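Chemist: Structure of the sequence below:
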Amino acid sequence: LDDGAALVDPLSPQSKALAWLDSNTNLESFDDFQKIQRFVLAMFYYSTNGDGWLIRDGWLMDEHECNWFTSDVEPTCDENGAFIRLALSSNNLSGELPKDLAILSNSLRFIAFQDSNLRGSIPAEYHLLSKLETLQLSHTRLSGSLPTEIALLTNLVSMELNNNAIVGSLPSEIGALSLLEKLSLQNLRLNGTIPTELGELVSIKNVYLQNNTLTGMIPSELGGLKQLSHLSFQDCALTGAIPPELGKLESLERLWLQGNMLNGTLPVELTQASTLVGLFLSRNEISGKLPSEIALWSNLRYLYLDQNKLTATLPSEIGFMRLIEAALSANDFSGSIPTEIANLNELQLLSLSSDSSSLSGSIPTEFGLLSSLQVLTLYSADFESTIPTEVGLLTDLGVLIIGRTQLTGPIPSEIGNLTGLKRLILSQNELKGMIPTAIGALTGLEQLSVDQQELFGMIPSDLSLLTALDSFDAFENELTGPFMCPEFIESCAVSCSNGTNQECRMLK
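Modeler: Down below sits the predicted model:
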C-alpha cells in the first residue's frame, strides 16, 4: 500500500515477509492469490512481534495458512481457502496495526486482536476491507482518532474498541453503517456531542458509549431505532432532559444514563417502552415527581433513581410492578412509604432515603412480606414509632441499614432470626433499651453499628462470639461495662457510662 517502498528496507516487516515467502519450498505450487495471502499474514506476524506471541503454532510453516493457529473456534478460511477470520486475542501481540492488512480486502470478514499491546491509530486504509463484518480491538493501546473512512465499511455488523486511548469526536459518518448491530466504544477519550446521525443506524441493537467525555444533549433521533435493545451513555457529561422520544424504542431492554448532568422531569412517554427491564438514572439532576404511569413498566426489574432531585410522594402504583432492585435514595421524597411496596414479592434490594428528611410515617409492618429481600436501606427520614418486629421475617436479608430517623423503642430481638445478616447498621436513631442478646446468633455478622442512640445496660458478652465481626460501633449511648472489644475486631468504638479505659472504652 506504499508503492513497495517498505520492501527496500531489509528490516521492515514487508521485506522480511517477502524473504520468508521466497524461501517457501512449495512456492511454485501456490497460485498468485495464495502467495499474496501468505505474504500479508507473514507481514502481520513480523509487524506484531510474532516471535513474542504466546501461541504461534503453524505460523510461517510450510503447511497451509488456513491451519495456522488463531484464537477463534470458527473456521479460519472459507471453502476456497481464502482467509476470512483473523483472531489472535490475548496472545501478546505488540507493535502497530499494519495497514497492509487491508490487502486482504476481498476476503477478510473478522478481526479480533483484543487484550494486546498494539499501539498507534487505526489505519485509514482499513476502509478497503469491504467485506469486514466484525472489528474487535478492545483492551489494547490504540490512540489517535476514529478515521472517518470507517463509514465505508458498509458490511460492518460489530465494532468494539473499548478501553483504549482513542480521542476526538465520534464521526457523524458512522450513521452510514446500515448493517451495524453493535457499537461498543466505552472507556475511551471521546469528546464532543453525540452525532444525530447515530439515529440512522437502522440495524443497531446495542450502543455502549459509557465513560467518555461526551457533552450536549441526547439526540431525540435515537427514538427511531426500532431494534435498539441496550443503550448506555453512563458516566459522560451529558446535559438537558431525557428525550421523550426514547419511549418509542419498542425493543429497549436496558437504558444506562447514570452519572451525567441530566435534568428536567422523568418523561411520562418513557413508560411506553414496555420491554424495558433495567432503567439506570442514578447521579443526575432529574426533578419532579415519579409518575404513576410507572406501573406500565410491567417487565421492569431494575429501577435505579438514587441521587437525583425527585420530590413528592412515592406513587402507590410502584407496588404493581415486578421489581427485583429499587434504588431510590438521596432524593427529596415526602410523605409515607406506600404499603403497596410489600406486593413486590421478588424484591431483593430496596434503598430509600430523603435528603431533606421529608419521608414520614412509620416503616410498614407489611415489609415482613418481602421474603426475597436481601438489602434494606432506610436512611434520613422522619420515621416515628418503632422498628417493626416483622423485620425478623426477612430471613434472606444480608444488609439492614436504618439510620438518622426518629424511631424509638427497642431493637427487636427478632433480628436474631436473620442468620444471613452481614451488616446491621442502626445508627443515629432514638432507640432505647438494651442491645438484645439475640444478636449473638448472627454468626456471619461483619459490621454492627448501634451508635448515637439511647441504649443502656450491659453490652452482651455473646458479641465476643461473632468471629466474623470486624467493625463494632456503640458509641454515644448509656451502656455499662465491663466490655473489651475482642482482638479480631479491626474497628471498634465503644463507650460506657461507668467504664474506665481498661474496662469499657476501646477505640481502634
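Chemist: Any chance you could list what contacts the top helix by length along the chain?
Modeler: If you go by DSSP state H, the chain has its longest helix at helix 32-47. Identification of contacts with helix 32-47 by Cβ atoms under 8 Å, 6 or more residues apart in numbering yields 13-14, 16-18, 20-21, 24, 27, 30, 50, 56, 59-60, 65, 68, 81-83, 86, 95-98, 100-101, 103-104, 107. The way it works is simple: take the backbone N, C-alpha and C, and place the C-beta from them, glycine included.
Chemist: repeat that with 6 Å
Modeler: Residues from elsewhere that reach helix 32-47, judged by Cβ atoms under 6 Å, 6 or more residues apart in numbering: 13-14, 16-17, 20-21, 59, 65, 83, 95, 98, 100-101, 103-104.
Chemist: contact partners of the helix or strand just after it?
Modeler: Tracing the chain past helix 32-47, the next element assigned as helix or strand by DSSP states H and E is strand 85-87. With contact meaning Cβ under 6 Å, 6+ apart, strand 85-87 is reached by 70, 71, 72, 74, 76, 110, 111, 112.
Chemist: which among the residues you listed gets closest to residue 140?
Modeler: Checking these against residue 140 with Cβ to Cβ, the nearest one is residue 112 at 11.0 Å.
Chemist: and the longest helix of the chain, which residues are buried?
Modeler: If you call a residue buried by 16 or more other Cβ atoms under 10 Å, then helix 32-47 has these buried ones: 34, 37, 38, 39, 40, 41, 42, 43, 44, 45, 46, 47.
Chemist: okay if I get these as TSV plus pLDDT and distance to residue 145?
Modeler: Listed next are those as TSV, based on pLDDT from 0 to 100; distance: Cβ to Cβ, whole Å:
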residue	pLDDT	distance to residue 145
34	95	36
37	97	31
38	97	33
39	96	30
40	97	26
41	98	28
42	97	30
43	97	25
44	98	23
45	98	28
46	98	27
47	97	21
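Chemist: so of the contacts of helix 32-47, which ones are in strands?
Modeler: Using DSSP state E, the subset of these located in strands is residue 95.
Chemist: Among the contacts of helix 32-47, which one sits closest to residue 449?
Modeler: Closest approach to residue 449 among those (Cβ to Cβ): residue 95, at 54.2 Å.
Chemist: can you count the residues close to the spatially closest residue to the closest one that is not a sequence neighbour?
Modeler: Once flanking residues are discounted, residue 95 sits nearest to residue 48: 4.9 Å by Cβ to Cβ, 6 or more residues apart in numbering. Neighbourhood size, residue 48 [other Cβ atoms under 10 Å]: 23.
Chemist: same check, this time on residue 488
Modeler: 11.
Chemist: what about it, distance to residue 447?
Modeler: For residue 488, the distance to residue 447 equals 13 Å [Cβ to Cβ, to the nearest Å].
Chemist: Got phi/psi on residue 29?
Modeler: Dihedral angles of residue 29 (phi, psi; degrees, to the nearest 10) stand at phi -80, psi -10.
Chemist: Could you count how many residues lie near it?
Modeler: Using other Cβ under 10 Å, residue 29 has 8 neighbouring residues.
Chemist: Could you do residue 360 as well?
Modeler: 17.
Chemist: what's the nearest residue to it if we skip its chain neighbours?
Modeler: In space, and not counting its chain neighbours, residue 360 is closest to residue 382: 4.5 Å by Cβ to Cβ, 6+ apart.
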